[in-house]
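Undergrad: compute the structure for the input listed below.
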Amino acid sequence: MKEIPQISEAEYEVMKVIWNYEPISTPEVVEKLSNKSDWKPNTIHTMLARLVKKKALHARKDGRVFIYTSLVEKHDYVEQKSKSFLQQFFGGTLNSMVLNFIENDQLSNEEISELKKILSMRDKKEGEK
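TA: The predicted model follows:
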């Protein structure tokens with residue numbers, strides 16, 4: 001996996017718009033983010049410029065606007081952040097995290113049943129190999 005740039009929480013909100021609608025122009029990004037946040041257009045422009053500088057986005061000039069496409073795959077970013085979170089808080093093991101949620105009553109019976117189903121399906125797939 002290639003090196004993924006550090007992306008702030010606010011920049012991540014911008015990236016989610018890019019991932020969902022790319023290729024997307026500056027005015028479209030501003031419109032979509034303005035609908036769900038109180039950010040001013042200049043703030044959004046600044047974040048877009050930062051993401052381009054960090055090489056998370058590619059900007060192509062098209063007439064009077066820029067068109068943005070991602071240089072970082074959403075899947076790769078989420079995978080890296082998940083691993084980093086697990087390492088930072090749970091010594092890198094998913095078991096510790098799940099156990100923490102169970103011991104602190106943060107999982108409902110429904111969520112536990114869903115986890116059991118997922119693990120059971122995974123076992124069946126492994127058995128078929």
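
Undergrad: longest helix in this protein, by residue count?
TA: Counting residues, the longest helix found in the chain (DSSP state H) is helix 109-128.

Undergrad: and that helix, how far out from the chain middle?
TA: 25 Å (Cα atoms, centre = their mean, to the nearest Å).

Undergrad: outside of it, which residues touch it?
TA: When contacts are defined by Cβ atoms under 8 Å, 6 or more residues apart in numbering, helix 109-128 is touched by residues 98, 102, 107. For every residue, glycine as well, the C-beta is placed using N, CA and C.

Undergrad: if I look at the closest residue to the last one other than its chain neighbours, how far off is residue 108?
TA: Leaving aside its sequence neighbours, residue 107 sits nearest to residue 101 (Cβ to Cβ, 6 or more residues apart in numbering; 4.9 Å). Counting by Cβ to Cβ, to the nearest Å, the separation of residue 101 from residue 108 is 10 Å.

Undergrad: what strand or helix carries the spatially most central residue of the chain?
TA: Note on the chain: the residue nearest the mean C-alpha position is residue 78, at 4.7 Å, using Cα atoms, centre = their mean. Using DSSP states H and E, residue 78 maps to helix 74-90.
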